[in-house]
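Q: Give me the fold of what follows.
(2 chains)
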Amino acid sequence: MQENYLAKWLSGELSEEELREFQNSEEYASYQKLKEASSRLAAPEFDVDLALQRLKDEHIDNAPKVITLNPFRKFLRVAAVIAVLLAGSYFYVNTLNEEVTTDFAERSEVVLPDNSEIFLNADSHISYSKKNWDNKRNVDLEGEAFFKVAKGKKFTVSTDQGTVSVLGTQFNVENRKGFFEVTCYEGLVSVTHNNNESKLPAGSSFLVINGKIIKTGSPDGTLPSWMNNESNFESIPLKYVFAELERQFNVKVSSKNIDINTLFTGSFNNTDLNMALKSISTPSQTQYKIEGDNVLFYAGNTPQ
Amino acid sequence: MSNVCEDHIFSKVFKTHSKTVFNYIFYKFGNEEKAHDAVQEAFVKLWQNCAKVSPEKAKSYVYTVANNLYLNVIKAEKVRLKHADSLVKDRTNESPEFLMEEKEYKEKLENALNALPENQRTTFLLNRIDGKKYAEIAEMEGVSVKAIEKRMHLALKSLRERIDGI
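A: All right, here's what the predicted structure looks like:
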């Protein structure tokens, strides 16, 4: 006899042979009677319609339909996605550096998070991290700017030609093509150029032209001259003077029969072009001509 | 796609399965009131979660809810069943001895049924009264068909032994 043969017998799954064997057993009659009697058993009355009516009356018609929650869930899902995007872009924008750029004949003043001030001369660009400012006071500079640094941690001005670090002071950094000058007006400035560090006390300058360090005299006054709308030069090759003129007045300067490496000492006004041109041409013994935005410096006879 | 949230689908599911849910709980605990409550409880849950339960899953869902409802909570009472004895009554030539014997047998069967472990009794009655196949009972109880056959076999064996006084 197979396992659970009584269950198999009841469900009619016994083989003929097994069935015959079972029918010949002495307990078969008892099981047969049990099978018959149990098939006549009945469970208590259960009125399906009544139960359904009770369900609807007591629970369903009064209960809020849960299905209405579904759109809200969808809304939550969308809201969550939007929240994540907003938070993400907020953090992304926050980590971007602040940038300030001036164009030709343009100046700008920037107040840093610690109330340090930066005055940007024409055609210059600075960038710094507003978020990370408390940890690292660093400004990347291209062009020229005057710094009034509030006292605090080390303040660094990074340029492609050298690094200037201070604790709290006033200084000017000019970082132009082939020209790098740092002038300290207050406190002490440390300049690192080609891995050489120089300490610059108040009232002194550090000048590099075409990679050569050049000794300079002490600057006049307590502010760089351009802050007073004047560009000042002391033994500077003419080409840098012309470049500064281009930046201050947004003009195009060209020259003819002139050695642009001749050293120039003098200054020009940043507000009046005619006066500035005279200020350059007289000491350098050259002539000039204006045509629209073009300025030509020449020596000797007037070119045709 | 059909949805249990639709009234006619829900009513259909109710009409198909509520009676078995009722019997199922009644066989387990022998308490009619609890069985009625289990039906209400199970189908309210189904209605509340109608969006999540597909019509195919609705059947096993209501059995599971009904079963979990009284899990370890109530003690089984005596299961009192009715005996459809129409077959016997139609006969006109019954001897008093025969009737006596019948009555005695019913009492013995009822006692034997109540002496069975809950799972054997439920399995046996779902098969004998509701005509459920072993596979269907296995699905309701969440066990294998083999386990149901074992319960059935043991139930028959115990019932016969108790009735015959072995």
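
Q: which ones are touching the residue nearest to the spatial centre of chain A?
A: When C-alpha atoms, centre = their mean is applied to chain A, the residue found nearest the centroid is residue A:96 (1.0 Å). Counting by C-beta atoms under 8 Å, 6 or more residues apart in numbering or on different chains, residue A:96 makes contact with nothing. (Glycine included, C-beta is placed from N, CA and C.)

Q: tell me which parts of chain A are close to chain B?
A: Within chain A, the positions near chain B by C-beta under 8 Å from any C-beta of the partner chain are A:3-8, A:10-11, A:27, A:30-31, A:33-34, A:37-44, A:46, A:48, A:51-52, A:54-55, A:58-60, A:63, A:65-67, A:70.

Q: Is residue A:246 in contact with residue A:252, as I believe?
A: Yes: counting by C-beta atoms under 8 Å, residue A:246 does reach residue A:252; the two are 6.6 Å apart.

Q: For these two, indicate the residue with more neighbours.
A: The neighbour comparison of residue A:246 against residue A:252 (other C-beta atoms under 10 Å in any protein chain shown) goes to residue A:246, with 18 against 13.

Q: Just give the closest residue to the more buried one, not the sequence neighbours.
A: Residue nearest to residue A:246 in three dimensions, not counting chain neighbours: residue A:253, with 5.1 Å by C-beta to C-beta, 6 or more residues apart in numbering or on different chains.

Q: What helix or strand is the one you found located in?
A: Here residue A:253 sits within strand A:252-256, counting by DSSP states H and E.

Q: What helices and strands are in contact with that strand?
A: Here strand A:252-256 touches helix A:238-249, strand A:294-298, going by 3 or more C-beta pairs under 8 Å, 6 or more residues apart in numbering or on different chains; DSSP states H and E.

Q: Using a markdown table, please lay out the ones you listed together with mean pLDDT and distance to residue B:133.
A: Below are the helices and strands packed on strand A:252-256 laid out as a markdown table (pLDDT from 0 to 100; distance: least, C-beta to C-beta, whole Å):
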| stretch | mean pLDDT | distance to residue B:133 |
| --- | --- | --- |
| helix A:238-249 | 88 | 96 |
| strand A:294-298 | 88 | 103 |
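
Q: Deepest-packed of the ones you listed, please.
A: Mean neighbours per residue, mean count of other C-beta atoms under 10 Å in any protein chain shown, is largest over the helices and strands packed on strand A:252-256 for helix A:238-249, with a mean of 22.

Q: how about the residue in the stretch 201-304 of chain A positioned nearest to chain B, what does it touch?
A: Nearest residue of the stretch 201-304 of chain A to chain B: residue A:250, at 69.3 Å (C-beta to the nearest C-beta). Each residue near residue A:250 by C-beta under 8 Å, 6+ apart is listed here: A:103-105, A:122, A:293.

Q: With distance to residue A:228 added, can I get the helices and strands packed on strand A:252-256 in a markdown table?
A: Below are these laid out as a markdown table (distance: least, C-beta to C-beta, whole Å):
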| stretch | distance to residue A:228 |
| --- | --- |
| helix A:238-249 | 13 |
| strand A:294-298 | 23 |
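
Q: Out of these, which gets nearest to residue B:3?
A: With C-beta to C-beta as the measure, helix A:238-249 is the member of these nearest residue B:3 (74.3 Å).

Q: helices and strands around that closest one, which ones?
A: strand A:230-237, strand A:252-256, strand A:263-269, helix A:273-284.

Q: Residue 11: neighbouring residues, count only.
A: Going with chain A. 13.

Q: Switch to chain B, please.
A: By the other C-beta under 10 Å criterion, the neighbourhood of residue B:11 contains 15 residues.

Q: Let me know the helix or strand that it is in.
A: Using DSSP H and E, residue B:11 falls in helix B:7-29.

Q: Contacts only, for the most centrally placed residue in chain B.
A: Closest residue to the average C-alpha location of chain B: residue B:24 at 3.3 Å, with C-alpha atoms, centre = their mean. Residues in contact with residue B:24 (C-beta under 8 Å, 6+ apart) are B:63, B:66-67, B:122, B:126, B:140.

Q: Show the pLDDT at it.
A: Listed pLDDT for residue B:24 reads 91.

Q: how close does it sit to residue A:220?
A: 104 Å (C-beta to C-beta, to the nearest Å).

Q: follow-up on the earlier one: out of the residues of chain A next to chain B, which are inside strands?
A: Counted as lying in strands by DSSP state E, out of the residues of chain A next to chain B, are A:41-42.

Q: re the thing from before, just the buried ones out of the contacts of residue A:250, please.
A: Listed as buried from the contacts of residue A:250 are residue A:122; burial here means 16 or more other C-beta atoms under 10 Å in any protein chain shown.
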